[in-house]
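> From the sequence below, what's the structure:
(chains A and B)
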Amino acid sequence: MSMTLEDLRQEWSDHSRRLDERLRLSAHLLRDEWTERQRERIGKRGPFGGIRLTVWIGTMALLGLFLGTHADQPALFFTAFSLDSWVIVAGIAQWRQQEALRNLDFGLPLLELQGRLESLRIARIRSFNLAFLTGQIVWWIPFLVVVAGAFGKNLYLSPQFRIFATWNIAGGIAFIPLAIWLARRYGDGPCRWRLVRHIADSIAGRDIAAAHDYLEKLRRFGSE
Amino acid sequence: MSPNDEARFIELLHEHRAILFKVAFGYCRNAEDRDDLVQEMAIQLWRSFGRYDGRVRFSTWAYRVAMNVAISHFRGQGRRIRDALPFDSLADTLTVDDPLAEEAGDNMRVLRRLIDGLDELSRALVLLYLEGHTSEEIAEIVGISPGNVTTRMNRLKSKLQRGFAHLDRTQETTP
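Prediction:
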């Protein structure tokens, strides 16, 4: 067969024309679908999402209240203060990432937009890895603050809890290299649970490596 | 966005709606995924319309948006940029049969198979070329130089021609 792409261009064009003819969309129908309600729903959907924003503000308010009522107990105060700081910083970082994603101009040329998307993806993966891995070390801090706030019990005064917290910190620190090693060693195989696969790819660095490869591919594609 | 802008957007979307389907057909074989993809494209067009400043033709801009969405979808990022809820019924309105799949001749089917084997960026070049765009227009959409488009298209033409020849030989030897 001596078929070339030029030969097929005309045939493709005929198919495209047929597609145009088959389109059932009419301006009238489209206008009907574009209702006020839909517009409002798109407009209302902020970068952070209503529920998440409510949880974030609520958490900050509760921690603020906790700080006010525990100012005379330095250990609890500084623990809650560090937690509050983390909640604020993490929330702002997440909001900025989502805002950047939301504000991406999809009308940019393909290479430029795809490059920006991939850079955002790298930032998002890094944030997730940091939160997931450090979360293993400090998860008991929110627990301690909740117990103090809800039940008025200062767990720092309990020798058992101090031992528990020490072991958790040690275990959390040991978990980080172990989790990375396991994800690299076994996370590449078939996995029934999508979430586990996602986490494994993320902490093993496979996602970031793939994103860097794609950025390099975009650079090469544009530089020839 | 003012009601006038909205009316203009709907008019332009109606006028250039085929772009969405052509790009979706180029990146998606599965009809259900294709409907989702068209929805995503319509949403992104709407969201980005405020930034459209008329410096490029609307069709060029619409191709950029549609292809950026398609490539992101193709690379598995579709869900993160998707905000489909308000558009469920719009997708039904936009639905179209797939004449390219059902009525396509052998050559078209083979070509589609070969295009499916290309990576997302090369696929964009071939689809735009087949739609009759010049190297300059393709360069404007993709964001590379016209010379780069010509070089890459020459390579792709050879690659696709070799693919045709290979498939032809395979068919000849198949009883």
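
> Apart from its chain neighbours, what residue comes closest to residue B:130?
With sequence-adjacent residues excluded and distances taken as Cβ to Cβ, 6 or more residues apart in numbering or on different chains, residue B:130 is closest to residue A:12, at 4.3 Å. The way it works is simple: take the backbone N, C-alpha and C, and place the C-beta from them, glycine included.

> That neighbour touches residue B:107, doesn't it?
No. If you go by Cβ atoms under 8 Å, residue A:12 and residue B:107 don't touch, sitting 9.4 Å apart.

> More neighbours: which of these two?
residue A:12 (24 against 15; other Cβ atoms under 10 Å in any protein chain shown).

> how about the more buried one, what does it touch?
B:108, B:111, B:130, B:131 (Cβ atoms under 8 Å, 6 or more residues apart in numbering or on different chains).

> Any chance of a markdown table for those, columns neighbour count and secondary structure?
Output for those, formatted as a markdown table (neighbours: other Cβ atoms under 10 Å in any protein chain shown; DSSP: H, G, I helix; E, B strand; the rest coil):
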| residue | neighbour count | secondary structure |
| --- | --- | --- |
| B:108 | 17 | helix |
| B:111 | 22 | helix |
| B:130 | 21 | helix |
| B:131 | 20 | coil |
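
> just those residues: which has the poorest pLDDT?
Within these, residue B:108 has the lowest pLDDT, namely 80.

> Please tell me how far it sits from residue A:113.
Between residue B:108 and residue A:113 the computed distance is 30 Å (Cβ to Cβ, to the nearest Å).

> so is residue B:37 in a helix, a strand, or just coil?
Following DSSP: H, G, I helix; E, B strand; the rest coil, residue B:37 is assigned to helix.

> on that earlier part again, got the confidence number for the residue nearest to residue B:130?
So, for residue A:12, pLDDT stands at 81.

> Okay, and it sits in which element?
helix A:5-22 (DSSP states H and E).

> contacting residues for residue A:120?
So residue A:120 contacts A:97, A:100, A:101, A:104 (Cβ under 8 Å, 6+ apart).

> out of the residues you listed, which touch chain B?
Among the contacts of residue A:120, the ones lying near chain B by Cβ under 8 Å from any Cβ of the partner chain are residue A:101.

> In TSV, list the contacts of residue A:120 along with secondary structure and neighbour count.
Supplementary listing: the contacts of residue A:120 in TSV, determined by DSSP: H, G, I helix; E, B strand; the rest coil; neighbours: other Cβ atoms under 10 Å in any protein chain shown:
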residue	secondary structure	neighbour count
A:97	helix	16
A:100	helix	15
A:101	helix	18
A:104	coil	18
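
> Relative to chain B, which of the contacts of residue A:120 is nearest.
residue A:101 (7.0 Å; Cβ to the nearest Cβ).

> For the longest helix along chain B, enumerate the helices and strands it packs against.
Counting residues, the longest helix found in chain B (DSSP state H) is helix B:146-173. If you count contacts as 3 or more Cβ pairs under 8 Å, 6 or more residues apart in numbering or on different chains; DSSP states H and E, helix B:146-173 packs onto helix A:5-22, helix B:106-116, helix B:120-130, helix B:135-142.

> and if we set it to 10 Å?
helix A:5-22, helix A:206-223, helix B:106-116, helix B:120-130, helix B:135-142 (3 or more Cβ pairs under 10 Å, 6 or more residues apart in numbering or on different chains; DSSP states H and E).

> How about the third one and chain A, any contact?
Yes. Judged by Cβ under 10 Å from any Cβ of the partner chain, helix B:106-116 comes into contact with chain A through B:106, B:107, B:108, B:110, B:111, B:112, B:114.

> For the first one, report the pLDDT, please.
Taken from the predicted model, the pLDDT recorded for residue B:106 is 75.

> Closest to the mean position in the chain, which residue would that be?
Since you didn't name a chain, this refers to chain A. Nearest to the geometric centre of chain A sits residue A:124, at 5.4 Å (Cα atoms, centre = their mean).

> not what I meant, chain B
Residue closest to the average C-alpha location in chain B (Cα atoms, centre = their mean): residue B:23, at 1.6 Å.
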